[in-house]
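Participant: Next come a sequence and a model predicted from it.
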Amino acid sequence: MNLAGVFPPMSTPFDAGGEVDPAAMRSNVTRWNSTGVRGVVALGSNGEAPLLDEKESDVVIAAAREALSGDRLLLAGTGRESTRGTIDASRRAASLGADAVLVRTPSYFKPRMTADALVVHYTTVADAVPIPVLLYNYPAVTGLTLTVDAVARLARHANVIGIKETSTDAAQIAAFVDASAGEDFAVLAGSAPGFYAGLCLGARGAILAAACAVPRLCVRLFDAYQAGRHEEARELQRRLIPIAQAVTSGHGVAGLKAAMEATGYIGGNPRAPLGPASADAVRAIKEILAPLQEFV
């Protein structure tokens, strides 16, 4: 599977009654189809996956698949705390048209989630699921870090095709690239401030929250790197950093949804207990986005 390119981790819009809004999702995905992205991620962290029930999760995947162009990939977040639950969610995602699943590390019992335990978990999932599996390393949220040894072992599994590394840790990205050398395994950058650096270190593509609002900026950076236009890529990276920081570490999911609203996408408010972005945050995000409108 060719994962080279940019994937927006789509937000989940809710209607006035707080229910998942498939029409709004289809509208966003239809716009992303024309921006050059490689595909979309449904039910990632920015999709508020932990706040949705299983039925809602299926609605999100189905809506994304319906609107996504056939030449683009749909990755679905299916990580659950149990191996059994992850397998069930992954099989449902496959039946709804997902091309691959993105599986976060289970973390509730984190002291017990040793490298060996995680290797067994992912191996069992990969053996049982009919579509490819991507590992999802997000230590800022889970409190766990997949070890280089664990990634090396899992990269040898025929149905484990990559990892999303959500950090700007250059050493970590390089170590994952080196550990999986020789395997059909893609490291995807998961943090926009480190996008260009990740590509230089061997990342094959990226899953970037900022791509939900300014997809063409992210795609142009990727294309510039691929073409060897490094000065252009570095300049685009400099332009990407302020909005990337605002919609992730700065204001989180609420900031991302505000940025999408400011660029004509449908964001709406997050689901409680998350609250909406403050007026000051919205104003700051709009100011950052003002010179980036060509990239929406």
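Facilitator: Looks like it arrived, so ask away. Given the structure is predicted, the values throughout are model-derived calculations rather than measurements.

Participant: At which residues are the strands of this structure located?
Facilitator: 5-7, 39-42, 73-77, 100-104, 133-137, 160-165, 186-189, 205-207 (DSSP state E).

Participant: ok, and what's touching the fifth one?
Facilitator: The one in question is strand 133-137. With C-beta atoms under 8 Å, 6 or more residues apart in numbering as the test, strand 133-137 has contacts from 75, 77, 79, 90, 100-105, 122, 125-126, 145-146, 151, 154, 159-167, 188, 190. Yep, even glycine has a C-beta here, placed from its N, CA and C like the rest.

Participant: Could you pull up the residues touching the residue nearest to residue 191 when sequence neighbours are not counted?
Facilitator: Distance criterion C-beta to C-beta, 6 or more residues apart in numbering; nearest residue to residue 191, sequence neighbours excluded, is residue 168 at 5.0 Å. For residue 168, the contacting residues are 191, 193-194, 197, by C-beta under 8 Å, 6+ apart.

Participant: Could you dump those into JSON lines with neighbour count added?
Facilitator: Listed next are these as JSON lines, based on neighbours: other C-beta atoms under 10 Å:
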{"residue": "191", "neighbour count": "26"}
{"residue": "193", "neighbour count": "20"}
{"residue": "194", "neighbour count": "26"}
{"residue": "197", "neighbour count": "18"}
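
Participant: Please identify which of those residues is nearest to residue 61.
Facilitator: Of all those, residue 191 has the smallest distance to residue 61: 24.3 Å, by C-beta to C-beta.

Participant: Surely the closest one is in contact with residue 248?
Facilitator: Yes: counting by C-beta atoms under 8 Å, residue 248 is a contact partner of residue 191 at 7.3 Å.

Participant: Which neighbouring residues are in contact with the closest residue in space to residue 266 that isn't next to it in sequence, exactly?
Facilitator: If you skip the residues right next to it in sequence, residue 266 has residue 24 as its closest partner in space, 4.2 Å away by C-beta to C-beta, 6+ apart. Counting by C-beta under 8 Å, 6+ apart, residue 24 makes contact with 13, 15, 266, 268.

Participant: now residue 24: how far from residue 264?
Facilitator: Using C-beta to C-beta, to the nearest Å, one gets 12 Å for the distance from residue 24 to residue 264.

Participant: now residue 209
Facilitator: Note on residue 209: its distance to residue 264, by C-beta to C-beta, is 17 Å.

Participant: neighbour-wise, which of those two wins?
Facilitator: Taking neighbours as other C-beta atoms under 10 Å, residue 209 and residue 264 compare with residue 209 leading, 30 against 12.

Participant: wait, what's in contact with the more buried one?
Facilitator: 8-9, 46, 192, 244, 247-248, 256.

Participant: what's the distance between it and residue 290?
Facilitator: 19 Å.

Participant: so which two of the contacts of residue 24 are the farthest from each other?
Facilitator: 15 and 266 (10.2 Å).

Participant: overlap in contacts of these two?
Facilitator: 21, 24.

Participant: sorry, back to before: nearest to residue 172, of the contacts of residue 24?
Facilitator: residue 13 (32.5 Å).

Participant: Make sure that closest one is actually in contact with residue 266.
Facilitator: Yes: with contact defined as C-beta under 8 Å, residue 13 reaches residue 266; the gap is 5.0 Å.

Participant: Looking at those two, which is more packed in?
Facilitator: residue 13 (23 against 17).

Participant: residues in contact with that one?
Facilitator: Neighbours of residue 13 in contact, by C-beta under 8 Å, 6+ apart: 20-21, 24-25, 28, 257, 266-268.

Participant: Residue 49 too?
Facilitator: Counting by C-beta under 8 Å, 6+ apart, residue 49 has contacts 12, 43, 57, 77, 79.

Participant: can you redo those as TSV with pLDDT, distance to residue 174 and neighbour count?
Facilitator: What follows is the contacts of residue 49, written out as TSV (pLDDT from 0 to 100; distance: C-beta to C-beta, whole Å; neighbours: other C-beta atoms under 10 Å):
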residue	pLDDT	distance to residue 174	neighbour count
12	98	33	30
43	98	29	29
57	98	34	23
77	98	25	29
79	98	25	26
